[in-house]
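Chemist: Next come a sequence and a model predicted from it.
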Amino acid sequence: MNSIPVFPLPIVIFPDEDVRLHIFEEKYKELILDCEKHSISFCICPIIKNNLQEVASHVRLSKIMKVYEDGRMDIVINCLQLIQVDKILYSSTEKKYASINFTEFINDRASEEDKTIIIEKLFKELCYLNNVKPYHEINWQLFSSYQVGHYIGLSLEDEYHFSTINSENKRLEFIIKQIQKMIYNTKQRLNWIDRLNLNGEFRMFDS
């Protein structure tokens, strides 16, 4: 059974995703310095409603962007894969931070091209309706479901549920349904705005 340091946070990180964090707690300052010195990796374990979840993100330190005078740090981490937490956190006698035991999270990442085409069309429609674009550009030629996981209006709980789906095709189906729901809600909102803007104008209907 494998052991790895753990950093519990109220966040879900998907495979291949880069995340920027501000580190200020002493035990996690120690963790990041150990990562830099010994090239170790660690995991981000989601906290949802004060509970640690069973599927976590195995991450590595990409870069320490800034170190403040009091030791606080701005860092960038990259998610390597998802892992299955097998044992409750246990305290280390040598380190301030804790660790977990884990096994591999079985994850089928093969996908069907037709679903990707549908998602690209739906996602672009959603962005057009809301006059927005994602912070990170989406590579539709090398698309994976995780690229839009944070961009389709999911709550933290829903993002975690999405991360536990271990089939890419099932994740794609989940995304299609979610974007369709977002498009419907957006059109309802825009229709409501149009009604607000009528401002008592004269309206004409065919008899």
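Modeler: Looks like it arrived, so ask away. Numbering: from 1, shown residues only.
Chemist: need the longest helix for the protein.
Modeler: Counting by DSSP state H, the longest helix found in the chain is helix 168-196.
Chemist: quick one, domains of this structure?
Modeler: With domains defined by automatic domain parsing, the chain comprises 2-104, 113-196.
Chemist: Turn these into CSV, including mean neighbour count and mean pLDDT.
Modeler: Glycine gets a C-beta too; all of them are placed from N, C-alpha and C. Output for the domains of the chain, formatted as CSV (neighbours: other Cβ atoms under 10 Å; pLDDT from 0 to 100):
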stretch, mean neighbour count, mean pLDDT
domain 2-104, 16, 92
domain 113-196, 15, 93
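Chemist: where exactly do the helices run in this structure?
Modeler: Using DSSP H, helices in the chain cover 26-38, 113-130, 156-164, 168-196.
Chemist: can you tell which of these is closest to residue 54?
Modeler: Of all those, the one in closest proximity to residue 54, counting by Cβ to Cβ, is helix 156-164 (8.0 Å).
Chemist: That closest one versus helix 168-196: what angle between them?
Modeler: 150 degrees (axes from the mean of the first three to the mean of the last three Cα atoms, to 10 degrees).
Chemist: what is the residue nearest to residue 9 when sequence neighbours are not counted paired to in the beta sheet?
Modeler: Among residues not flanking residue 9 along the chain, residue 44 sits closest, at 5.5 Å (Cβ to Cβ, 6 or more residues apart in numbering). With DSSP bridges as the criterion, residue 44 is bridged to residue 7, residue 57.
Chemist: so residue 44 touches residue 55, yeah?
Modeler: No: the pair residue 44 / residue 55 is not scored as a contact, 10.9 Å apart, by Cβ atoms under 8 Å.
Chemist: residue contacts, the residue nearest to residue 172 when sequence neighbours are not counted?
Modeler: Excluding the flanking residues, the one nearest residue 172 by Cβ to Cβ, 6+ apart is residue 115, at 4.1 Å. Residue 115 makes contact with 169, 172, 173, 176, according to Cβ atoms under 8 Å, 6 or more residues apart in numbering.
Chemist: Mind doing that once more with 10 Å?
Modeler: Neighbouring residues of residue 115 by Cβ atoms under 10 Å, 6 or more residues apart in numbering: 143, 145, 168, 169, 171, 172, 173, 175, 176.
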